[in-house]
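In: okay, here's the prediction I keep looking at, along with the sequence it came from:
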2 protein chains.
Amino acid sequence: MEVSKVVSAINKATEKGISELYLVACGGSLVDMYASKYFLESEAKKVVTGLYTANEFVHATPKRLNKDSVVIVCSHGGNTPESVEAAKVAKEGGAHTIGLTHNQDAALLKYSDHAFLYEWGADSDVKNNPMAIILGITVEILNVTEGYEYYKAFKDGMEKINGIIKKGEKLVEGRAKVFADKYQNEDLFYVLSSGASYGHAYGFSICSLMEMQWLNAAPIHSGEYFHGPFEVTDKETPFILMMNEGRTRTLDERALKFLNQYAEKVEVVDAKELGISKIQDEVVEFFNPVLFYSILCVYREALAEVREHPLETRRYMGKVAY
Amino acid sequence: MEVSKVVSAINKATEKGISELYLVACGGSLVDMYASKYFLESEAKKVVTGLYTANEFVHATPKRLNKDSVVIVCSHGGNTPESVEAAKVAKEGGAHTIGLTHNQDAALLKYSDHAFLYEWGADSDVKNNPMAIILGITVEILNVTEGYEYYKAFKDGMEKINGIIKKGEKLVEGRAKVFADKYQNEDLFYVLSSGASYGHAYGFSICSLMEMQWLNAAPIHSGEYFHGPFEVTDKETPFILMMNEGRTRTLDERALKFLNQYAEKVEVVDAKELGISKIQDEVVEFFNPVLFYSILCVYREALAEVREHPLETRRYMGKVAY
């Protein structure tokens, strides 16, 4: 289904236009929503946004939720109980629900007024992956409700990002192997970023490292690093820094300068060096996490191979009751 | 200065009433604001909120910021450059600024339309500490703009919380020593919580453990735990679980059940057991982090003593350029 048609249909069905966009999911799917939260908090003058892990949305539902709200719920398998329940709660609250899933038989679809069955896998164009679809919906909502000055630039960026990623993936292939060899025996990583990409610092920590590699990990916002976290910095502790292009780059640069002086195990993934600047200045920052997701997949695959710990290995998820 | 008078004065000076409350700070001061963000996101139907690490607010200032916005900036020493700059940016954007600091000569005060010089130290009533003051301002803003059904219950809770804390601190004194003895040689802790207290899971990680003890640490939202992070759970990894009273307790209980089955190093700090239920049901959840802050201070002091690493020890903060 086409994003602009869905958003336009919902907006017409509201009384005064879409007033809220709630982004609700768990784990990796929640990570895919962070860029949209950042975008709206930065760009919107009217539309309100909220980002919720599904079970908190279910048990502490925002009182603001109303019939002019849109709630996007994303679940890869589409049957995560609290995500399905969140969509149900949203519908009961009168909101318009949009479900995203990779499973056409998902229970989530039962409570989705509109649904996107997204593509998945290394061969798919990233614009058809959930992070880009959700960001696309978000930008459409802003544009249709209050107008978005850089709408065309954003659409243009969406056409360019997949090509940038494909080149970037090749560029880091060798580096990722060096990284994996060098850090294969580490048991902890800190992952730094800022702006639209902070969600992916969280995502790489909890999904790629903790879930898929059983490694200890924690995200640190580059701006927050200097207000507590940096005291653990030493020559033994590994840091991965995802440097954004755009307004918050200066925060990442400050972290880099410090790390270069006091740490020794520092891996930098720089969106600017990877060619993201082909996208227009005013919108480029929102594409950083789309790039980082794919690029960091190359790193995690290299790490999984050297560590002989396949990315699919689980001990609890889907194996025990919880 | 009295909170209600300040809020009332600001509200009268706006065109249509206060429309946004931005919460802006760094590190520990930002942690003190999380409960307010959670409160407004849950309870408000009109007032919008945003929580920002100061340097991101400076470089990616929300376009929504306007002359009817209130921006609270908190800085203990009052001279953190990006916090001072954030207050300046807020004023330039036409917003009403409220500065909180422990330093009467703070540069922050230069850009604060209203200021609260707060008390600090173990002897002060927590209602005069920044977390409670900011929460008090937030509740006043909601009440004065759109009304808050449980305003009286909240005020009553604020009168009760210090007494609950004093009893709780005595109750955990022995436990904290056992905890410190048992875990003195650990180099990593995961800190779990949910709802209004997630900010303090973050705060205990980055301030108490990383900054003050140079220990590795990461916060995990109890709801997110099952969607990635729990794969690192084993009998060797230590977890601290702060169990809330209120709507999100069920999320914490689910985490506890899993931890009891698959982990062995689990320290539970339970607000309910510590007597928080004396506060009315509809507002009790917002007081959990106020309690947890003080209670976890007992734990960190015990840990600092056993580890012979005083809480004031720094290697970078205030010692090197950054």
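Out: Nice, thanks for sending it over.
In: count of neighbours near the residue in the stretch 101-250 of chain A that chain B sits nearest to?
Out: With C-beta to the nearest C-beta as the measure, the residue in the stretch 101-250 of chain A that lies nearest chain B is residue A:227; the distance is 2.7 Å. No exception for glycine: its C-beta is placed from N, CA and C like everyone else's. Using other C-beta atoms under 10 Å in any protein chain shown, residue A:227 is surrounded by 27 other residues.
In: now do the contacts for residue A:283.
Out: When contacts are counted by C-beta atoms under 8 Å, 6 or more residues apart in numbering or on different chains, residue A:283 touches A:150, A:153-154, A:157.
In: what does residue A:178 give?
Out: The neighbours of residue A:178, taking C-beta under 8 Å, 6+ apart as the test, come to nothing; the list is empty.
In: tell me the buried residues in the helix or strand containing it?
Out: Using DSSP states H and E, residue A:178 sits within helix A:151-183. Of the residues in helix A:151-183, those scored as buried under the neighbour-count criterion (16 or more other C-beta atoms under 10 Å in any protein chain shown) are A:153-154, A:157-158, A:160-162, A:164-165, A:168-169, A:172, A:175-177, A:179-180, A:183.
In: the closest residue in space to the residue of the stretch 101-250 of chain A closest to chain B that isn't next to it in sequence - how many residues pack around it?
Out: Spatially, and ignoring its direct neighbours in sequence, residue A:227 is nearest to residue B:27 (2.7 Å; C-beta to C-beta, 6 or more residues apart in numbering or on different chains). The burial metric for residue B:27, expressed as a neighbour count using other C-beta under 10 Å, is 28.
In: report pLDDT for residue B:27.
Out: According to the model's per-residue confidence, residue B:27 sits at a pLDDT of 98.
In: residues in contact with it?
Out: Taking C-beta under 8 Å, 6+ apart as the definition of contact, the neighbours of residue B:27 are A:224, A:226-228, B:206-207, B:211.
In: 7 Å instead?
Out: The neighbours of residue B:27, taking C-beta atoms under 7 Å, 6 or more residues apart in numbering or on different chains as the test, are A:224, A:227-228, B:206-207.
In: identify those among those that sit within helices.
Out: Counted as lying in helices by DSSP state H, out of the contacts of residue B:27, is not a single one.
In: turn those residues into JSON lines, including pLDDT.
Out: What follows is those, written out as JSON lines (pLDDT from 0 to 100):
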{"residue": "A:224", "pLDDT": "98"}
{"residue": "A:227", "pLDDT": "98"}
{"residue": "A:228", "pLDDT": "98"}
{"residue": "B:206", "pLDDT": "98"}
{"residue": "B:207", "pLDDT": "98"}
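In: ranking the residues you listed by neighbours, who comes first?
Out: Sorting the contacts of residue B:27 by how many neighbours each has (other C-beta under 10 Å) puts residue B:206 first, at 30 neighbours.
In: what stretches of chain A score poorly on pLDDT?
Out: A:1 (pLDDT under 70).
In: domain map for it?
Out: Per automatic domain parsing, the structural domains of chain A span A:3-145, A:164-307.
In: other residues contacting stretch A:208-225?
Out: Contacts made with stretch A:208-225 from outside it, assessed by C-beta under 7 Å, 6+ apart, are listed as A:187-194, A:198, A:201-202, A:205, A:229, A:251-252, A:255, A:296, A:300, A:303-304, A:307, A:309, A:311, B:26-27, B:53, B:55-56, B:188, B:206, B:218, B:228-229, B:231-232.
In: which ones among the residues you listed lie within strands?
Out: Counting by DSSP state E, the members of these that fall within strands are A:188-193, B:53, B:188, B:218.
In: between the helix holding residue A:178 and strand A:188-193, how big is the angle?
Out: Following axes from the mean of the first three to the mean of the last three C-alpha atoms, to 10 degrees, one obtains 160 degrees for the angle between helix A:151-183 and strand A:188-193.
In: how far does helix A:151-183 sit from the chain's center?
Out: 15 Å (C-alpha atoms, centre = their mean, to the nearest Å).
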